[in-house]
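# Predicted structure and sequence below. I'll ask about it afterward.
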Amino acid sequence: MPEDLINKDKSDVCTYAVDPGALRPCVFKYVYIWLDNGNSFWAWLTYVGRKSASGWRWNSQRWVYFGVDLNCIDYFECY
């Protein structure tokens, strides 16, 4: 799924939280994540908690470890 699939409004404020129960089935799967700030990326999640998620994110060259506040996730899709 290309990064420019969906154009989102860019914002510096993370306001609405993704339900951790909805994101938890994506652990140990590929997931495409769109953030509230307009960024989007492929990830391989290894952890989903009440307020955050972490795992490995593809940065166009390699996988790098990352963490994200669930409030900053606008949308996601598991594969």
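Received, thanks. Numbers count the residues shown, from 1 in each chain.
# Could I get the contacting residues of the closest residue in space to residue 30 that isn't next to it in sequence?
Closest residue to residue 30 apart from its sequence neighbours, by C-beta to C-beta, 6 or more residues apart in numbering: residue 79 at 4.6 Å. The C-beta positions use only the backbone N, C-alpha and C, and glycine is treated the same way. Applying C-beta atoms under 8 Å, 6 or more residues apart in numbering to residue 79 gives the contacts 29, 30, 31, 32.
# Other residues contacting the longest strand anywhere in the chain?
With secondary structure taken from DSSP state E, the chain has its longest strand at strand 40-48. Strand 40-48 is contacted from outside by 1, 3, 5-6, 8, 20, 23-24, 26-34, 53-59, 63, 66, using C-beta under 8 Å, 6+ apart.
# one more time with 6 Å
Residues outside strand 40-48 that contact it (C-beta atoms under 6 Å, 6 or more residues apart in numbering) are 3, 20, 23-24, 26-27, 31-34, 53-58.
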